[in-house]
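*Asks:* this is the structure alone, sequence omitted:
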């Protein structure tokens with residue numbers, strides 16, 4: 001019995017060669033087609049350190065800080081913030097943005113509400129809750145103050161990050177953390 005192994009490569013038939021070439025072409029075309037689709041479905045990340053995101057308008061366009069800072073001191077601008085929540089940014093007297101933004105979601109039943117510049121308070125039209133300029137409750141039925149976000153301006157971009165420090169209004173751990 002001959003137990004030797006042949007060192008010659010087996011010959012490739014014409015059918016095997018054509019099957020190999022066809023498979024290679026199909027795989028290449030599929031790879032080239034899948035790459036742009038994957039890039040489209042995976043948008044570029046606009047997240048920063050600590051879960052920060054860029055403030056956007058209602059259409060999803062990034063809002064430059066210069067646009068909001070062009071408003072009068074004391075005015076409030078509504079932007080799409082963390083998780084798409086409407087968030088008020090406050091223009092200070094020195095034409096900078098306040099470090100704290102207020103999420104425009106009533107802590108009673110989740111309504112959104114306007115800033116009343118005449119009364120200098122947020123007024124929920126649904127059930128009558130009122131909030132002071134800093135987001136603390138001045139009249140119920142809302143049980144908790146408004147949620148805060150950290151606002152940072154870097155290179156004309158407005159970065160919003162979750163507020164995880166002590167709540168400056170109460171001195172306690174924030175209820176939303």
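*Replies:* In hand now; what should we look at? What you see is a predicted model; the values in this text were computed from it and never measured. Numbering: from 1, shown residues only.
*Asks:* longest helix anywhere in this protein?
*Replies:* helix 14-41 (DSSP state H).
*Asks:* quick one: that helix to chain centroid distance?
*Replies:* For helix 14-41, the distance from its own C-alpha centre to the chain's C-alpha centre is 36 Å (Cα atoms, centre = their mean, to the nearest Å).
*Asks:* go on, stretch 168-177?
*Replies:* 22 Å.
*Asks:* what is the mean pLDDT for it?
*Replies:* Averaging pLDDT along stretch 168-177 yields 85.
*Asks:* contacts for that stretch?
*Replies:* 100, 134-136, 144-145, 147-148, 162-167 (Cβ atoms under 8 Å, 6 or more residues apart in numbering). C-beta coordinates here come from the backbone N, C-alpha and C atoms, glycine included.
*Asks:* on that earlier part again, the longest helix of the chain - what's its average pLDDT?
*Replies:* Mean pLDDT, helix 14-41: 85.
*Asks:* likewise for stretch 140-157?
*Replies:* Mean predicted confidence for stretch 140-157 is 87.
*Asks:* in that stretch, which residues are buried?
*Replies:* 142, 144, 145, 146, 147, 148, 149, 150, 151, 152, 153, 157 (16 or more other Cβ atoms under 10 Å).
*Asks:* show me those that map onto strands.
*Replies:* Secondary structure from DSSP state E places 148, 149, 150, 151, 152, 153, 157 of those in strands.
*Asks:* alright, I will stop here.
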